[in-house]
Each structure stands twice: as C-alpha cells, then as structure tokens.
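# need coordinates for the following:
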Amino acid sequence: KGYTYDWYAFYPYTTGLTLIDNSAAITIGAETGSAQTQNGYGNKEHLAGSAMPLYGYATGVEHDGTPVMAMKNLSTVIEVAVTDGVTPPLTINEISVTVGEDIIGSFALDLTSGEFTSVSASKTAKLSVSGAGEIASGETVSFYIAAKPFTAIPADEIKVTINDYEQTVKLSAVTEFKAGGTAVI
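As a prediction, this is how the structure comes out:
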C-alpha cells in the first residue's frame, strides 16, 4: 500500500519496441531507405497503423488505481498537391520530399517529454505510387506522406521530386507540420 506505478502505452505494438529510461525506439513513416506506398491518387489508407504511431503515459498511478491517459499522435502528414501543367497527361510513380532535418526512420522517443532523437533517420521521405492512372492537364491530385513533426520557415528549402523532376518549394510563411495534422506543400 502507498506505492505507485508509471504506465506507458504505444500503438500499434511491435515486437521491436524497447523501453530504456522512459524512451522508446520507434519508426515513423518508413525505415531509412524505404518508401511508403500510396495506392492511386488521393488515397490515405497507407497512413493507418504503423506509419502513424500513437503514445500515451500516466505517471504516479496508485497501486490499486486504474491508469487513464490520452493517446497522442507522433506523426504528421505532408500533403503534396500536384497539378498537371503539361500535355500529354502525366503519370506519377514516385514522390520524395527533402527538408532540413530528419523526418522519417528510426527515432528514440522520450515518452514523458515527447522529444525525438534520431537513431537511423533521413531528411528525405519517399512515396511510391501504385495503381495510378494518368492525370489530365489542369487536374490536381494529392499524395500523402507520414513524417515526424517539424516546422519549416520561408528560408528553409523543401525539395520535392516527382518521378525524376526536382523542384524547390518556396514557403510564404512559417509552416508547422504538427503531430496529428496535415500541411500542404
């Protein structure tokens, strides 16, 4: 009597999840060098589960108490909106987004502060697109990439590569890629 427990929850559970000093080894988006895969245009199904992990904690729970915790998102979604401005129609097979900090891969997460430390991570998030048809000239379609939350300022360079065409996106304002949210580039 009179003792307490600290509880930590992580979803989805993986056998590789390890806890050391209140830190968890996690993967966000995809392993370094791997790509996420979107089926068709505008589809978000690939974001469910392991690409978008959740965590929560409850500390100081009395030994006979029930832990109560709010689960928090660990990932953000980068939405890449592409408008076909060429003829003939365009088919997109791969997109990558490169920013100035690590955004996908393996991280150590301090479960009480929410702070990330890169373990084996990359500044480039890749998305393979399968089952997609042609985009007609003037049509806009969206692609979704799970990543670690970050903030980009107008001076930052965000490079977007579509198939083999690279373009630098210029931001007009600070853009926050918040945990649990989506930001469009």
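
# measure the residue nearest to the spatial centre of the chain to residue 57 for me?
Most central in the chain under Cα atoms, centre = their mean is residue 147, positioned 2.0 Å from the mean C-alpha point. Distance, residue 147 to residue 57, using Cβ to Cβ, to the nearest Å: 23 Å. In this view, the C-beta of every residue, glycine as well, is placed from N, C-alpha and C.

# do residue 114 as well
Separation of residue 114 from residue 57 (Cβ to Cβ): 10 Å.

# who's more crowded, these two?
Comparing residue 114 with residue 57 by other Cβ atoms under 10 Å, the one with more neighbours is residue 57, at 18 against 13.

# excluding its backbone neighbours, what's nearest the more buried one?
residue 8 (4.8 Å; Cβ to Cβ, 6 or more residues apart in numbering).

# the one you found: what secondary structure?
In three-state terms, and counting by DSSP: H, G, I helix; E, B strand; the rest coil, residue 8 is strand.

# in this structure it contacts residue 55, no?
Yes - with contact defined as Cβ atoms under 8 Å, residue 8 counts as touching residue 55 (7.3 Å).

# using CSV, list the CA coordinates for the helix or strand residue 126 falls within.
In the assignment (DSSP states H and E), residue 126 maps to strand 124-130. Coordinates of each C-alpha in strand 124-130 appear next as CSV, following Å, rounded to 0.1, in the frame of the first residue of the first chain:
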residue,chain,number,x,y,z
THR,A,124,14.1,12.5,-47.3
ALA,A,125,10.7,10.9,-47.2
LYS,A,126,9.8,8.7,-50.2
LEU,A,127,6.4,7.7,-51.5
SER,A,128,5.9,5.0,-54.2
VAL,A,129,2.6,5.4,-56.1
SER,A,130,0.9,2.2,-57.4
